[in-house]
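> Give me coordinates for this.
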Amino acid sequence: MTITLINPNIVMSILTTENLGKSYGADEIFNGLSLNIPKGSKIALVGANGVGKTTLLEVLIGKELATEGTVNLTKNVRVGFLPQNPALNGNQTIHDEMLKAFEGVLKQKLELETLEHQLNDAGDELLDRYGKLQQAFELAGGYDYELEIERVLQGLGFRKADYDHPLGQLSGGQKTRTLLARLLLEKPDLLVLDEPTNHLDINAIEWLEGYLQQFDGAVLMVSHDRYFMDNVTKTIWELDWGGVEPYRGNYSHYLQQRAERHDLRQKEFESQQAYIAKEMDYIRKHMGSQNTAQAKGKLRRLERLMSGTDRNGRALDKQWLKKPPRRRQTLRVNFTASSRTGDHVLRTQNLSVGYQDPLFEVPDLLLQRGEVAAIIGANGSGKTTFMKTILGQLEAIQGDYTWGAQVDIGYFAQAHEDLKIENTLLDELLTIKNIPVSEARNYLANYLFTGDDVFRKVSTLSGGERGRLALAKLALDGANVLLLDEPTNHLDIASQEVLQDMLAAFGGTILLISHDRYIVDALASQIWHVTGDELTVFEGGYAEYQQMRKATQVETSIANQQIPPKDTKTETKTSEKKHGLNPYQLQKRLTQLEAQIETLEATFENITKALEVASAAGDVDEVNRLGAEYTSTETDLNAAIEEWTTLAD
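Model prediction:
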């Protein structure tokens with residue numbers, strides 16, 4: 001396999017492939033791939049775990065050699081690659097690593113400093129050189145690079161105290177974020193990211209979304225974060241069965257198109273099978289009759305088409321015989337509560353959680369049956385600590401909590417510490433419920449553990465496999481209250497979709513910690529946000545919560561501009577008298593009023609027409625009735641318009 005450099009003035013794509021293939025011995029990963037990455041494109045590569053997504057990325061950037069085909073890279077294109085496990089070591093600090101992105105700028109800075117010492121005796125030529133270099137230094141961001149470093153590091157969740165930490169002492173997640181920060185500062189023409197949102201909390205993911213949306217270069221990423229892909233990508237590549245199928249649009253558009261393509265291919269297959277059956281029926285009926293010649297002709301044509309050749313034995317451009325659309329095996333999860341709780345599931349009173357010192361205060365909460373409360377917040381804010389506290393695994397700093405009647409709790413731990421590593425999968429499942437071995441094996445097959453997999457030790461499982469085993473145990477337990485700490489970690493997208501559907505169908509109550517905003521958006525009926533030293537509760541779904549946050553940010557931004565109104569005290573008092581609503585509530589009320597006004601105007605118009613008809617007909621009773629309705633509607637309409645005007649002002 002070769003990587004060919006192409007003149008950038010000839011093509012709009014910065015990378016293309018021709019008939020690209022990769023195999024490991026007899027194991028074919030992909031083949032026949034002809035792909036292109038246009039300038040500025042935002043592409044997500046999706047597919048089941050193990051299909052070869054990381055391998056394809058590494059082949060495209062030249063880190064891995066292809067078995068066949070070519071990769072054509074536009075000349076002078078700079079590529080930045082984020083692997084899942086970056087190899088960053090040594091005594092250099094995080095800040096030192098960031099400075100690598102500004103080597104050219106730092107070289108200019110050193111040259112300027114050298115010239116400054118010579119300016120006292122400088123002639124016109126040296127002054128001119130200094131002026132040009134200073135201008136180039138400024139254009140390259142020489143006076144702003146430290147601010148840019150701080151902006152990116154803080155956006156990805158680093159504190160200033162972290163900047164001097166040596167790379168060799170960082171955790172795996174910190175190394176990933178460090179390399180990602182350096183790549184963003186380098187601003188390559190093509191940014192190739194393998195699971196960039198791993199180790200990022202919601203705040204950092206949202207910041208990265210905003211950065212990539214404004215990023216001028218092209219992005220090719222592998223991600224399991226569906227919400228992230230919705231907000232960043234414009235194209236989806238699906239790698240499956242050795243091939244890549246492109247879809248236009250973000251992840252949600254991909255889901256819709258994929259379903260439509262599957263249905264279309266299923267119909268085409270069924271239609272062709274019906275045609276073949278009809279032809280074969282004709283051939284069977286008429287072979288040996290007076291229509292034998294026609295039957296033989298049909299048989300020859302059918303055999304040619306099914307073998308993919310024309311009448312001269314040449315291969316057809318496209319295989320005529322259609323195959324049914326294939327789907328990979330996915331999880332089959334079913335959460336069924338074995339009993340029903342009371343109406344009140346969880347209460348807290350004056351609760352404070354933490355270890356020796358409190359992490360945050362909890363308002364007095366009431367979680368009702370059937371609710372899904374999503375706990376969100378930065379890494380290290382105490383979300384898991386709160387969950388372990390109400391489970392009784394940690395002592396509360398102060399206050400109390402009470403579980404309701406008939407509550408049966410099922411807990412999914414993020415680190416799966418409840419799994420005993422010396423057990424086999426089969427033994428671990430049987431700790432939940434004593435069922436026949438054959439039934440247990442069939443049950444584990446629903447979680448993609450088949451054959452001798454059931455006799456493997458838990459210690460040999462990957463993170464994704466441990467997650468699936470933990471879900472299998474949780475579903476078998478029959479709990480009516482589920483406490484889930486990052487349940488979608490390590491699951492591929494197909495498994496995430498299945499889990500989401502099953503949780504949506506669950507009849508009990510769910511308390512969910514997750515950075516997966518897609519599942520939070522789909523399930524949550526209220527949001528519990530841990531910020532600073534408190535937990536705040538928002539009654540509503542994630543989309544509504546985001547709208548409220550944006551409205552509050554706009555209000556704060558306007559307030560921070562410190563533009564004084566004509567009469568601050570008077571306006572504030574008047575505004576409070578008018579509504580006393582926060583920006584989110586204000587916008588919601590305005591929308592309601594607009595719909596109400598539209599309905600009342602239509603009603604008013606209908607009454608007016610009916611009055612004209614009744615008056616012309618001399619129907620006094622009807623005129624009186626409509627007159628009263630006219631007055632009432634007019635009053636309601638005027639009141640709605642007046643309220644809308646007041647709020648809009």
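
> How is the chain divided into domains?
254-307, 344-548, 569-648 (automatic domain parsing).

> any chance of those in JSON lines, with mean pLDDT and distance to H199 too?
C-beta: built from backbone N, CA, C; applies to glycine. Output for these, formatted as JSON lines (pLDDT from 0 to 100; distance: least, CB to CB, whole Å):
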{"stretch": "domain 254-307", "mean pLDDT": "90", "distance to H199": "25"}
{"stretch": "domain 344-548", "mean pLDDT": "93", "distance to H199": "8"}
{"stretch": "domain 569-648", "mean pLDDT": "69", "distance to H199": "31"}
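
> Point out the most buried one among those domains.
Per residue and on average, the most neighbours among the domains of the chain fall to domain 344-548, with a mean of 18 (mean count of other CB atoms under 10 Å).

> how distant is it from the center of its chain?
Relative to the centre of its chain, domain 344-548 is centred 19 Å away, using CA atoms, centre = their mean, to the nearest Å.

> and the end-to-end length of it?
One end of domain 344-548 sits 27 Å from the other (CA to CA, to the nearest Å).

> Check stretch 330-337 too.
Between where stretch 330-337 begins and where it ends, there is a gap of 22 Å, by CA to CA.

> Would you mind saying which of the domains of the chain lies nearest T235?
Across these, the minimum distance to T235, taken as CB to CB, is reached by domain 254-307, at 8.9 Å.

> For that closest one, what is the distance to the chain centroid?
Mean C-alpha position of domain 254-307 versus that of the full chain (CA atoms, centre = their mean) differs by 42 Å.

> just stretch 250-269 next, same as before
Using CA atoms, centre = their mean, we find the averaged C-alpha position of stretch 250-269 to lie 20 Å away from the chain's own average C-alpha position.

> all strands for the stretch 351-500 of the chain, in order.
Assigned strands in the stretch 351-500 of the chain, in chain order: 358-362, 366-368, 372-377, 398-403, 409-412, 481-485 (criterion: DSSP state E, counting those that start in this stretch).

> Relative to E116, which of the ones you listed is closest?
When those are ranked by proximity to E116, the top entry is strand 372-377, at 48.3 Å, counting by CB to CB.

> Go ahead and name everything in contact with the closest one.
Under the contact criterion CB atoms under 8 Å, 6 or more residues apart in numbering, strand 372-377 has outside partners 201-202, 367, 383, 386-387, 503, 509-515, 520, 523-531, 535, 542.

> Also stretch 527-536?
358-363, 365, 373-378, 381-383, 386, 520, 537-538, 540-542, 545.

> please redo it, this time with the cut-off set to 6 Å
Under the contact criterion CB atoms under 6 Å, 6 or more residues apart in numbering, stretch 527-536 has outside partners 360-362, 373-377, 381-383, 537-538, 545.

> follow-up on the earlier one: adding distance to L419, write the strands of the stretch 351-500 of the chain out as a markdown table.
Listed next are the strands of the stretch 351-500 of the chain as a markdown table, based on distance: least, CB to CB, whole Å:
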| stretch | distance to L419 |
| --- | --- |
| strand 358-362 | 26 |
| strand 366-368 | 27 |
| strand 372-377 | 23 |
| strand 398-403 | 24 |
| strand 409-412 | 11 |
| strand 481-485 | 14 |
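
> Which helix or which strand is home to A259?
Under the criterion DSSP states H and E, the helix or strand holding A259 is helix 251-286.

> Tell me the helix or strand right after that helix.
Scanning forward in sequence from helix 251-286 by DSSP H and E, the next helix or strand is helix 292-307.

> now what about that following helix, what contacts it?
Residues from elsewhere that reach helix 292-307, judged by CB under 6 Å, 6+ apart: 279, 283, 286-287, 320-321.

> Quick one: closest of the domains of the chain to T93.
Distances from T93 to each of those were compared using CB to CB; the minimum, 20.9 Å, belongs to domain 344-548.

> quick one, phi/psi of the closest residue to T235 other than its chain neighbours?
Excluding its sequence neighbours, the residue lying closest to T235 (CB to CB, 6 or more residues apart in numbering) is I43, at 4.6 Å. Backbone torsions of I43, given as degrees, to the nearest 10, read phi -120, psi 140.

> and I43, what does it touch?
If a contact means CB under 6 Å, 6+ apart, then I43 has 220, 235, 237 as its contacts.

> where's it relative to L56, distance?
The span separating I43 from L56 equals 12 Å under the rule CB to CB, to the nearest Å.

> And Q135, by the same measure?
The value you get for Q135 to L56, if CB to CB is used, is 43 Å.

> who's more crowded, these two?
A count of neighbours by other CB atoms under 10 Å puts L56 above the other of Q135 and L56, at 25 against 10.

> got a list of contacts for stretch 189-201?
So stretch 189-201 is in contact with 14, 54, 57, 61, 77-84, 173, 176, 205, 217-222, 225, 228, 378-379, going by CB under 6 Å, 6+ apart.
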